[in-house]
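Undergrad: any chance you could fold what I've pasted below:
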Amino acid sequence: MDALIAAYREGLALAAVTVIERADGLRIRAMRYEETLPSDENLAARWWCRRAAEAQCVADSAARTFHHSRRKSSDQSALVCDAVVRAAQRLGVALRTDADLDREAGRAIARLDAEIASQMRAGALKSVNQSYRQYRLAASSRGERALPYAKWMDGYKIKLMREIAANLRYR
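TA: Numbering: from 1, shown residues only. Below you'll find the model as predicted:
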């Protein structure tokens, strides 16, 4: 399930608005899906946007707002998070949390599983089964051991999930 959720997120190619904790304080930054933080930074909060340009606009606006209103507060993290949410509202950018994406992925995975089960019952997976057979014969001709059908099918579903999410990206 985790691999399918990861494939869904990867397929969407979202960008994040992040609140990052560093030794010198908090900062707001836009990040692409595949980016990681350096070891001296910790993720405090993250929201996802459809496009990198939207994430950058929200991050820039929130950072300006936060730095101009530097109120003293015991919970600077809450102030930064509030600045991000308000910036997104002002700019009309929809933010999604990790939990939102996990729920969306769960629905997409359930639809994919239901469709595959339906096609299995109807005997409509002949082309998929032929692909597995070709894979198995190619692996055998190279002297390699082929994956069992269930493992191969897991990889096939991951590929499909990535493609489904990529198609949703443009809606």
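Undergrad: how far off centre is the helix or strand hosting Ile28?
TA: Ile28 is part of strand 25-32 when elements are defined by DSSP states H and E. Between the centre of strand 25-32 and the centre of its chain there are 17 Å (Cα atoms, centre = their mean, to the nearest Å).
Undergrad: just stretch 142-156 next, same as before
TA: That offset, for stretch 142-156, works out to 26 Å (Cα atoms, centre = their mean).
Undergrad: what mean pLDDT does that stretch get?
TA: For stretch 142-156, the mean pLDDT works out to 95.
Undergrad: re earlier: how about the next helix or strand after the strand holding Ile28: buried residues?
TA: Beyond strand 25-32 on the C-terminal side, the first helix or strand identified by DSSP H and E is strand 42-49. By neighbour count on 16 or more other Cβ atoms under 10 Å, the buried set for strand 42-49 is 44-49. Every residue, glycine included, has its C-beta placed from N, CA and C.
Undergrad: any idea how far Leu91 is from Leu4?
TA: Separation of Leu4 from Leu91 (Cβ to Cβ, to the nearest Å): 32 Å.
Undergrad: those two: who's more crowded?
TA: Remark: of Leu4 and Leu91, Leu4 carries more neighbours, 20 against 14, as counted by other Cβ atoms under 10 Å.
Undergrad: do you know the pLDDT at Arg169?
TA: 81.
Undergrad: same deal with Leu79?
TA: For Leu79, the model assigns a pLDDT of 90.
Undergrad: that one against Phe66, yeah?
TA: Yes - counting by Cβ atoms under 8 Å, Leu79 touches Phe66, with 6.6 Å between them.
Undergrad: which parts of the top helix by length along the chain are buried?
TA: Ranked by residue count and defined by DSSP state H, the top helix of the chain is helix 98-122. Across helix 98-122, burial judged by 16+ other Cβ under 10 Å covers 101, 104-105, 108-109, 112, 116.
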